[in-house]
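Chemist: Can you look at this prediction? I've put the sequence above it.
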Amino acid sequence: MRAGPLELTPMSVDAVDELWPLLGDPRLWAHEPGSVHADPAATRRYLTLAAERWASGLSYWTVRLADTGEVVGTGGAQHHTRGGADHWNLNYRIAPAHQGHGYAGLLLASSLDAAHAVAPDRPCVAWIDAHNPASIAVARRGGLRDLGLRRNPSDRPRLAWSDRDLDATVYPLVEPG
């Protein structure tokens, strides 16, 4: 799929060698340091799960520059659940050397379009660390709304930036602290 200067392809285990240097870069995980991929095996597990989730109609993409094929990021929308409620989990990670060119915004817009086409009734949520101003700026520019601090599907308190209201019984507000 083409998104301006980007080519978005479904994640595949075949991309381990290309994606491990990116997903193993601690700078991409500054707000979630425990998620850094320590070795190619971690990336293989991540890619396997992402590839399997394409069965639900959508998952994460490998993001390349269309003119060169260089890998510059990952992201997309995956089907997640919490307390029996479905939502699209929005994700956008761009390599530090390629940040500041609007790629995360293009990736987010493509993710929203794809999610709305596959299952328009599901909310689209970017779960963002409150201390991640760059990700918050992308979400804001992408038209998402800050619905406050809530527990994400991994039970971590994160800001829920969403395209619509969330069921407060499933995604309750969390007191900061």
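Modeler: Structure received. As the structure is a computational prediction, the values presented were derived from the model and not from experiment.

Chemist: Partner strands of the longest strand seen in the chain and their direction?
Modeler: Assignment by DSSP state E gives strand 71-82 as the longest strand of the chain. Next to strand 71-82 in the sheet, as set by DSSP bridges, lie strand 60-65 (antiparallel), strand 85-94 (antiparallel).

Chemist: need the next SSE after the last one, C-terminal direction.
Modeler: If I follow you right, that is strand 85-94. Sequence-wise, the next helix or strand downstream of strand 85-94 (DSSP states H and E) is helix 103-118.

Chemist: so after that next one, what's the next helix or strand?
Modeler: With DSSP H and E, the next secondary element past helix 103-118 is strand 124-128.

Chemist: Report the angle between that next one and strand 85-94.
Modeler: Comparing the axes of strand 124-128 and strand 85-94 via axes from the mean of the first three to the mean of the last three C-alpha atoms, to 10 degrees yields an angle of 60 degrees.

Chemist: what angle separates strand 124-128 from helix 103-118?
Modeler: Using the same axes, to 10 degrees: strand 124-128 against helix 103-118 is 150 degrees.

Chemist: Start at 754, not 1
Modeler: Fine by me, first position is 754 from now on; the one you just mentioned is strand 877-881.

Chemist: what's strand 877-881 packed up against?
Modeler: The elements that strand 877-881 packs onto, with contact taken as 3 or more C-beta pairs under 8 Å, 6 or more residues apart in numbering; DSSP states H and E, are strand 838-847, helix 856-871, helix 886-894, strand 910-915. (Glycine included, C-beta is placed from N, CA and C.)
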